[in-house]
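Enquirer: sequence plus the predicted model coming up.
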Amino acid sequence: GEEAKAVTIPRFKPRKKKTEEKTEEGDEEAAEEEGTQAPCLRFVGYDPKSGHKSLLIVPAVAVLEVVTTASQAVGQSELMGLLDPAKRADLARFVCGRLHLEFPRNAPPELVIDWSGANIGYIGKVDAGKKTMRPPEERTLKREGRILRTSMVLSQLQVLVSAFRQGSSNDLMVNVYYPRIQEAAELLITAATQEKCLGRSVFEFDEGEPRTTAVEWLCRRLNVKVVDDPENAERKALNIVLSADKATGWVSAYKSLDTDVPVEKERPTGVPLKFIPANTRGDLILRKGIKLKGARQVQRGAAEVLVSVFTRAAGEPGGHGLIFEAYNADTSYTTTLHVGASELLRQVNGREELLSEMQLKDTIEAMLYRLVIKPSAVGGLDLSIDIHLMPNLFDA
């Protein structure tokens with residue numbers, strides 16, 4: 001045998017990382033450079049009503065530009081301290097305050113941020129010269145000179161009609177919005193046209209119900225048609241034409257009624273349909289969102305409406321009469337139902353103790369399940385209370 005020789009295997013020491021080889025001065029420069037770097041932020045917006053989520057990814061260069069621009073505009077250099085990694089929550093809140101909502105047509109709202117490298121379709125760009133990005137039909141909510149806003153059935157379309165006075169003239173601008181396709185159009189009715197149809201301008205009628213009735217008369221004679229948009233083949237547009245001659249009396253008004261809507265089988269007797277004045281409203285007793293029968297047909301599938309219940313007058317007991325208001329979130333239209341004292345007693349099977357101050361709120365909450373909302377034969381919405389829904393609701 002050969003003698004065994006011991007073989008020594010050399011051990012290699014691991015090489016140090018570059019960061020370990022840096023000098024103390026280099027470490028300070030790296031830390032300072034790392035502190036000025038901006039992170040990439042991800043924002044998620046949620047609409048609780050529709051359940052829609054909007055995702056926005058803001059790249060690091062956009063974050064750095066927003067912070068730098070803001071610090072230069074206000075002259076506060078301490079804003080650059082938000083880029084410190086220890087202040088990520090403060091940085092996110094600051095950038096969130098620079099976000100905007102963009103309202104594209106036929107699409108849910110999206111989160112956008114304004115910066116030099118914005119790309120529409122990825123991060124959208126907001127025009128700083130515009131006060132709002134909302135569509136025209138939503139901007140009518142804050143438009144001046146509005147004299148009418150109501151829901152109507154025009155040309156078999158459930159639309160929202162708003163009428164405005166054009167400055168100090170007697171011209172009338174009518175805005176028609178069709179929620180189903182989210183499109184709106186406007187038509188100018190001059191003072192001469194109003195005099196031809198009504199004999200005088202609508203603004204020569206007394207302010208209040210007479211003027212509102214005259215404006216509604218003109219609006220009901222609008223022919224609304226959905227046509228293809230010539231500027232965009234994927235969208236629709238509204239075409240509005242006024243077809244009205246001078247009023248010929250009650251016969252023409254009767255013929256314009258929609259007779260397809262069935263009448264109520266049981267009409268209230270001895271109960272006023274409207275309190276005097278018609279716009280009366282007392283103390284708020286109850287306000288809640290609730291699903292009503294017929295709401296899906298008038299709200300594009302949404303069954304829940306906001307119902308508010310008031311007394312007939314301020315300081316008056318609820319047993320003397322109640323006012324029910326249902327708000328249609330789809331068209332921003334409110335329909336009202338006035339219920340007198342005798343009808344309230346009929347609804348609770350004559351049990352007067354249920355209308356006392358101690359039990360009134362609980363009684364009203366139970367009575368809400370009898371409310372029915374449906375389209376009106378003359379346009380708008382009708383709110384009624386059906387005693388046949390849950391007939392044993394107030395049995396002793």
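Expert: Ah, there it is.
Enquirer: helices or strands up against the helix or strand containing S342?
Expert: Secondary structure from DSSP states H and E places S342 in helix 341-347. Applying 3 or more CB pairs under 8 Å, 6 or more residues apart in numbering; DSSP states H and E, one finds that helix 341-347 contacts strand 321-328. In this view, the C-beta of every residue, glycine as well, is placed from N, C-alpha and C.
Enquirer: dihedrals phi and psi, G319?
Expert: Main-chain dihedrals, G319, degrees, to the nearest 10: phi -70, psi -20.
Enquirer: which residues touch it?
Expert: Contacts for G319 were tallied using CB atoms under 8 Å, 6 or more residues apart in numbering; they are 341, 344, 352, 355-356, 360.
Enquirer: repeat that for 10 Å
Expert: For G319, the contacting residues are 311-312, 341, 344-345, 348, 352, 354-357, 360, 363, by CB atoms under 10 Å, 6 or more residues apart in numbering.
Enquirer: do the same with R146
Expert: Applying CB under 10 Å, 6+ apart, one finds that R146 lies in contact with 140, 162-165, 173, 175.
Enquirer: now it, what are its backbone angles?
Expert: Dihedral pair for R146: phi -80, psi 130, per degrees, to the nearest 10.
Enquirer: quick one: it and G97, what's the gap?
Expert: The spacing between R146 and G97, counted by CB to CB, to the nearest Å, is 32 Å.
Enquirer: tell me the SS of R211?
Expert: R211 carries the three-state label helix when classified by DSSP: H, G, I helix; E, B strand; the rest coil.
Enquirer: can you give me the helices in the stretch 101-250 of the chain?
Expert: With DSSP state H, counting those that start in this stretch, the ranges of helices along the stretch 101-250 of the chain come out as 136-139, 191-198, 209-219, 250-255.
Enquirer: that older thread, closest one of the contacts of G319 to T193?
Expert: Using CB to CB, R312 comes nearest to T193 of those, at 40.5 Å.
Enquirer: what pairs with the closest residue to the closest one other than its chain neighbours across the strands?
Expert: Across the structure, with CB to CB, 6 or more residues apart in numbering as the measure, the residue nearest R312 apart from its sequence neighbours is G321 (3.7 Å). Beta-bridge partners of G321, counted by DSSP bridges, are G340.
Enquirer: list the contacts for G321?
Expert: Under the criterion of CB under 10 Å, 6+ apart, the contact partners of G321 comprise 271-272, 275, 280, 282, 310-313, 338-344.
Enquirer: drop anything exposed from the residues you listed.
Expert: With neighbours counted by 16 or more other CB atoms under 10 Å, the contacts of G321 contain buried members at 275, 280, 282, 310-312, 338-341, 343-344.
Enquirer: check those residues for the minimum pLDDT and say which it is.
Expert: Among the buried ones among the contacts of G321, F275 carries the weakest pLDDT, at 73.
Enquirer: counting neighbours, what do you get for S168?
Expert: Summarising burial for S168: neighbours were counted as other CB atoms under 10 Å, giving 7.
Enquirer: that one: what's it in contact with?
Expert: Residues touching S168, when contacts are defined by CB under 10 Å, 6+ apart, comprise G145.
Enquirer: circling back: look up how far M367 lies from the residue nearest to R312.
Expert: 13 Å.
Enquirer: which residues are common contacts for these two?
Expert: Contacts common to G321 and M367, judged by CB under 10 Å, 6+ apart, are 339, 344.
Enquirer: right, I'll leave it there.
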